[in-house]
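Asks: Can you look at this prediction? I've put the sequence above it.
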Amino acid sequence: MNYVKGKIAENLHVPEIVETVRVTGTRQLTQFEKRFPYLNQTLPTTRTTDKQRIKQMKKIKRLANWLDNAVPHSPIPLGVDSILGFIPFVGGSMGGLLSLYQVYLSTSFGIPLWLFTLMIFNIMVDFIFSLIPIAGGFLHMFYKANIYNYEELRDYVESPEYLERVQLRESTSKTKDTSPGEITWTQLGADVKNMVPAVPLLTKQVHKKAI
């Protein structure tokens, strides 16, 4: 059955479409990042030991494989998220929540906002594919958002930039709650609220009704 699905996906050029979407989206986000230095700030880094960080990475990797590639040696990427994608609306939402949990685990590494944005982008694309009847199920299956996000996280954690940030965090942890270049969740929420004009307006309307 998996072989048949793989052949159908191949004839529909699903892998090529998925890769095009991923590459194009990543390129546009990279250009967006260059225009807004704000995205170079990082989320708060959780104070952990090297052993704890390794354990966390393994946990994120297991979750990604479970969601996107749970069946080894399958001709198609088949995981829990892939199967849920064939259930209209409900399946995509359930898979999206599990994917967001993986992103939540990733934020403990103090990832940059550009990486956080890229992870959310991958999940959104995956969710949109799941809403498309029939063909969307195949696109959703081959767009391995969770594995993509794990690989992006792994590359960042293994980069000199991350190692420098860990050292800086450890050197300032005794005197400050955040290290230079970090942004708190509270500040991020406030900044997003100010960036989106509709949010303050809705907040004022709700406040007036409450009064």
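Replies: Cool, the structure landed. Residues are numbered from 1 along each chain as shown.

Asks: May I ask you to confirm that residue 107 is in contact with residue 113?
Replies: No - no contact is recorded between residue 107 and residue 113 when judged using CB atoms under 8 Å, the distance being 10.5 Å. Heads up, the C-betas are built off the backbone N, CA and C, glycines and all.

Asks: so what sits against both of the two?
Replies: Contact criterion CB atoms under 8 Å, 6 or more residues apart in numbering; residues bridging residue 107 and residue 113 by contacting each: residue 43.

Asks: tell me the mean pLDDT for stretch 187-195?
Replies: Along stretch 187-195, the predicted confidence averages to a pLDDT of 83.

Asks: Now that stretch: buried residues?
Replies: Of the residues in stretch 187-195, residue 188 count as buried by neighbour count, 16 or more other CB atoms under 10 Å.

Asks: Also stretch 47-54?
Replies: Along stretch 47-54, these residues count as buried under the neighbour rule (16+ other CB under 10 Å): residue 53.

Asks: what does it contact?
Replies: Residues external to stretch 47-54 that are found in contact with it (CB under 8 Å, 6+ apart): 56, 108-109, 157, 169, 173.

Asks: ok, those vs residue 17, which is closest?
Replies: residue 157 (29.9 Å; CB to CB).

Asks: my guess is that closest one contacts residue 56, does it?
Replies: No - the pair residue 157 and residue 56 fails to qualify as a contact (CB under 8 Å) at a distance of 9.6 Å.

Asks: if I look at those two, which residues touch both of them?
Replies: Shared contacts of residue 157 and residue 56, defined by CB under 8 Å, 6+ apart, comprise residue 109.

Asks: Confidence-wise, which helix or strand of this protein is lowest on average?
Replies: In the chain, no helix or strand scores lower on mean pLDDT, DSSP states H and E than helix 2-11, which sits at a mean of 44.

Asks: which helices and strands sit right next to the helix or strand that that helix is followed by?
Replies: Moving toward the C-terminus from helix 2-11, the first helix or strand encountered (DSSP states H and E) is helix 14-35. If you count contacts as 3 or more CB pairs under 8 Å, 6 or more residues apart in numbering; DSSP states H and E, helix 14-35 packs onto helix 113-130, helix 135-142.

Asks: picking up where we left off before, would you reformat the contacts of stretch 47-54 as CSV and include neighbour count, secondary structure and pLDDT?
Replies: Conversion of the contacts of stretch 47-54 to CSV gives the following (neighbours: other CB atoms under 10 Å; DSSP: H, G, I helix; E, B strand; the rest coil; pLDDT from 0 to 100):
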residue, neighbour count, secondary structure, pLDDT
56, 18, helix, 94
108, 17, coil, 91
109, 22, strand, 92
157, 20, helix, 92
169, 21, helix, 72
173, 13, coil, 57
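
Asks: Good, wrapping up.
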